[in-house]
Each structure stands twice: as structure tokens, then as C-alpha cells.
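>>> Sequence first, predicted model second:
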Amino acid sequence: MEFDQSASQTLQDIMRWRRDVRHFQRTPLNDADLEALRASIDLAPSVGNARPWRIFRVQSAGLRQQVRDEFERCNTNAATSYALSERSAYMKLKLQGLDQAPEHFAVFTVTDPEEGRRLGRRTMPETLRQSTAMALHCMWLMARSRNIGMGMVSILDPNRVEVIFDVPEGWEFAAYLCVGYPETKDDTPLLHRSGWQGNSESRWTDV
Ligand SMILES: Cc1cc2nc3c(=O)[nH]c(=O)nc-3n(C[C@H](O)[C@H](O)[C@H](O)COP(=O)(O)O)c2cc1C
């Protein structure tokens with residue numbers, strides 16, 4: 001298969017519009033969209049082809065509530081780490097879409113899987129975590145290509161999330177995802193728009 005210029009332009013548009021979404025409609029995802037997200041992860045690169053990601057589609061209200069409570073606890077702690085002058089700005093940020101997002105996913109990395117036969121990771125074991133991050137990015141882009149929003153929540157204690165999901169020894173928490181159709185459309189990061197952190201200039205250097 002050979003791609004033309006319009007495919008490249010479309011990909012660039014998808015990347016520009018990807019954005020971390022924290023405001024969702026409550027409409028459930030349709031089956032085709034859900035399946036496309038699942039399939040996108042299968043296409044991700046991974047060190048030694050180890051495919052170390054493990055993804056739970058979280059539907060249990062009890063599990064969702066435990067994650068919600070854990071976010072609240074960690075976010076309160078995070079807020080108190082800021083000086084008073086910054087704290088009120090932090091508290092005004094919307095840092096998750098846990099209450100509205102119709103789909104939740106808890107993502108883990110297996111830290112020493114048989115798969116991959118250790119190829120490529122003896123020297124850089126962190127490549128397993130990088131592989132999971134790439135799988136998430138594949139899902140993020142696929143989501144946007146179908147007008148679905150995705151938001152990552154990392155204001156969680158990884159050890160506690162591992163306990164909540166009762167994962168096997170050696171599984172490491174990577175991310176909690178909120179997914180659904182976005183409430184609004186914008187190609188500017190919310191943190192940029194809210195004045196918390198703007199987009200810095202390109203970090204590309206020729207050496
Ligand atoms: C690894 C990772 C963890 C993140 N954790 C959070 C989070 O806990 N809460 C939040 O509101 N956004 C979180 N984000 C979203 C970032 O704040 C967002 O990507 C950044 O502001 C740039 O905006 P954009 O994704 O719309 O380009 C996370 C993003 C990444 C890549």
C-alpha cells in the first residue's frame with residue numbers, strides 16, 4: 001500500500017486534533033468504535049514484539065468508584081504541594097473525566113513477560129513501558145480519527161491501583177483512560193487554554 005499526500009495531511013489533522021479530552025458526552029460508544037480502539041492497540045510497536053500491555057475495560061461501578069476515590073485523595077495531596085498562590089489555579093483545573101466518560105480503561109505493563117524473549121530490553125528494560133505508551137498513543141489517534149475523545153489520568157497512586165484491580169505480581173500500572181464522544185471540539189490543549197501551561201516551542205535540534 002502506498003499513501004498519498006492527502007493521507008499525510010489527514011494524519012497531521014488527526015494529530016493536531018488528538019488532544020487530551022476531559023469533557024465527555026455520556027452517550028455510550030458504539031460497537032464498531034469500541035472494536036476499532038481495541039484493534040488499534042494490536043497494531044502498536046513493542047520491544048522484541050513483547051506486547052507487554054494489559055488493558056482492562058472497566059465497567060464495574062465498584063471499581064470505578066474506587067478509582068474515583070483514589071483520584072480524589074491523590075489530587076487533594078497534589079493540590080497541597082503547591083504554594084497558596086498557585087493552589088487555587090490548580091484546584092480550578094479539570095484533571096479527569098471520570099464522572100461522565102462512558103468508557104474507562106485501566107492499563108498495565110507486564111514488566112518481565114516471556115513474550116519478546118528479552119530481545120531489545122536487556123539494556124533498556126524501560127522499553128516495555130515505552131511500548132505500552134506507544135500502544136496508548138495508537139489508541140488515542142484511532143479514537144480521534146473516529147471523533148472519539150480520550151483523556152489520561154495519572155493522578156493516582158500506582159500501587160493502590162494495582163491493588164484495586166488485583167493484578168498479578170509484575171504488572172505495573174501505566175494509565176487510566178477516560179474515553180467517549182467529546183462535549184466540545186478544540187485543537188488547543190486545555191492546560192494551554194486555561195493558562196496553566198502553554199505550548200513551548202519545538203524541541204527539535206539539529207546537531
Ligand atoms: C502520561 C500522561 C499522563 C497524563 N495525566 C493527566 C492527568 O492526570 N490529568 C490530566 O488532566 N491530564 C493528564 N494528561 C494530559 C496532559 O495534561 C495533556 O496531554 C497536555 O496538557 C497536552 O495537551 P494535549 O494532550 O491536549 O495535547 C496526561 C498526559 C500524558 C501523556
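Noted; the coordinates are in hand. Numbering: from 1, shown residues only.

>>> When you work out contacts or count neighbours from here on, use the C-alpha atoms and nothing else.
Noted.

>>> Quick check: residues of this protein near the ligand?
Applying Cα under 6 Å from any ligand atom, we find that the chain lies next to the ligand at 19-20, 95-96, 152-155, 189, 191.

>>> ok, 8 Å please
18-22, 93-96, 133, 151-156, 175, 187-192, 197 (Cα under 8 Å from any ligand atom).

>>> Can you give me the neighbour number for Ser88?
12 (other Cα atoms under 10 Å).

>>> actually Trp53, not the one I wrote
Around Trp53 there are 26 residues (other Cα under 10 Å).

>>> so who does it touch?
When contacts are counted by Cα atoms under 8 Å, 6 or more residues apart in numbering, Trp53 touches 107-110, 131-132, 135.

>>> neighbour-wise, which of these leads?
Busiest of those [other Cα under 10 Å] is Thr132, holding 27 neighbours.

>>> How about that one, nearest residue that isn't a chain neighbour?
Excluding its sequence neighbours, the residue lying closest to Thr132 (Cα to Cα, 6 or more residues apart in numbering) is Trp53, at 5.2 Å.

>>> May I have the phi/psi pair for that neighbour?
phi -80, psi 150 (degrees, to the nearest 10).

>>> And Gln66, by the same measure?
Note on Gln66: backbone dihedrals following degrees, to the nearest 10 are phi -60, psi -40.

>>> burial measure for the residue nearest to it when sequence neighbours are not counted, as a count.
In space, and not counting its chain neighbours, Gln66 is closest to Ile164: 7.1 Å by Cα to Cα, 6+ apart. Neighbour count for Ile164, taken as other Cα under 10 Å: 15.

>>> got it, and Ile14?
As a burial measure, Ile14 scores 20 neighbours (other Cα under 10 Å).

>>> Quick one: mean pLDDT for the host helix or strand of it?
Assessed by DSSP states H and E, Ile14 sits inside helix 5-17. Taken as a whole, helix 5-17 has a mean pLDDT of 98.

>>> who's in contact with it?
141, 144-145, 186-188.

>>> same deal with stretch 158-172?
The list of residues contacting stretch 158-172 from outside it, by Cα under 8 Å, 6+ apart, reads 63, 66-67, 70, 108-112, 173-174.

>>> Can you point out the buried residues in that stretch?
Residues of stretch 158-172 classed as buried: 158, 161-162, 171-172 (neighbour count, 16 or more other Cα atoms under 10 Å).
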